[in-house]
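In: below is the sequence, then the predicted model.
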Amino acid sequence: NISEASFAFDSHISFDELFQKNIEKFFKNVQSSVDLKSFERVVILDDGGYLIALSNDFLKGLRNVVGVEQTTSGYEKIKTLKLNFPVLNIARSKAKLEIESPFIAEIAANKIEEYLQRYQVENPNILVVGVGYIGAAISALLKGKYKVSGCDIIQQKCDFGGDYKSHLSEFDLIIGATGTSAIQPGEFGNLKHGALLASVSSSDREFSAVYLRQLAPKTENCHEDIKVNGVTLLNCGFPINFNDGKQHSVSPEKIQLTRALLLAGVFESVAKKFSNNLVELELSLQEKIIQEFNS
């Protein structure tokens, strides 16, 4: 039962807005075709928090529901909700953050190098906005070759004082790793002419991408680089590690760690009962998965 909207894309609508509508259609279709009360356990395996948030509103009366959330953006979306069922928090598990993050950063750093060569940017001045696990790992990989500065809402992680937005005109490449919007529409005029914008987080929200796409002709290609007003929005504003059309953005040998954590989360959600909160994946399971992965 795969949603017909799985490949939906409209370059003049933000992905979050379009996805929310399609998730609602999918959810209503499931509700109308399946009696969720008849199951011993209903597991909502989510990537982004949309389905868990929606289910939290509409499945309040069910006692057999449990969620499993994979992504940090999903965690951020649901962390302040009064949850009506437990959610296994794979997104912020120690194993995923500390071991998966370098894999994602390596792919992103390689893509950045490809873009710099494609657009013939020599000796680039690079800004990484958002120095969390992914942003910090990307910075570390690029600093050996380029001039890289980082900035974060945590002031101690910034390489310069004050607001990074007052320095935007200095950078040839800006990497967004905040999970929100690193640059607002009114701030694009402060960018250096020819600047490249690269997202390494979720969705297309890092650079108010839909605003820039609406200034350009519509495209059906969600991986197109959008050139408008003297800047280039790489990969249509979507994460640059998702731009080659391949089934795996990270090799199966590496991403099996994440898949194992998700499967462990599903198993634990079925085998145990939890209170209606965000729940950490059992540490002994994480340690066993890490041990098997490292061997």
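Out: Sure thing, it's come through. Numbering: from 1, shown residues only.

In: which residues of the stretch 51-200 of the chain fall in strands?
Out: Shown for the stretch 51-200 of the chain, the strands assigned by DSSP state E, counting those that start in this stretch span residues 65-69, 87-89, 125-129, 147-151, 173-176, 196-199.

In: dump those strands to JSON lines, plus mean pLDDT and mean neighbour count.
Out: (Each C-beta comes from the backbone N, C-alpha and C, glycine too.) Putting the strands of the stretch 51-200 of the chain into JSON lines (pLDDT from 0 to 100; neighbours: other CB atoms under 10 Å) gives the following:
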{"stretch": "strand 65-69", "mean pLDDT": "97", "mean neighbour count": "26"}
{"stretch": "strand 87-89", "mean pLDDT": "96", "mean neighbour count": "27"}
{"stretch": "strand 125-129", "mean pLDDT": "95", "mean neighbour count": "25"}
{"stretch": "strand 147-151", "mean pLDDT": "93", "mean neighbour count": "20"}
{"stretch": "strand 173-176", "mean pLDDT": "96", "mean neighbour count": "26"}
{"stretch": "strand 196-199", "mean pLDDT": "97", "mean neighbour count": "27"}
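
In: list the residues that contact the spatially most central residue of the chain.
Out: When CA atoms, centre = their mean is applied to the chain, the residue found nearest the centroid is Ser202 (2.5 Å). For Ser202, the contact set (CB atoms under 8 Å, 6 or more residues apart in numbering) comprises 48, 71-73, 179, 239.

In: which one of the residues you listed is nearest to Asn125?
Out: Pro239 (22.1 Å; CB to CB).

In: that closest one contacts Ser199, correct?
Out: Yes. Counting by CB atoms under 8 Å, Ser199 is a contact partner of Pro239 at 5.2 Å.

In: could you dump the strands of the stretch 51-200 of the chain into CSV and include distance to Ala271?
Out: Listed next are the strands of the stretch 51-200 of the chain as CSV, based on distance: least, CB to CB, whole Å:
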stretch, distance to Ala271
strand 65-69, 11
strand 87-89, 11
strand 125-129, 40
strand 147-151, 41
strand 173-176, 39
strand 196-199, 37
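
In: to Val43, which of those strands lies closest?
Out: Proximity to Val43, assessed across those by CB to CB, is greatest for strand 65-69 (5.8 Å).

In: and Phe207, what does it touch?
Out: Counted by CB under 8 Å, 6+ apart, Phe207 has contacts 174, 176, 181-183, 197, 199, 233, 237.
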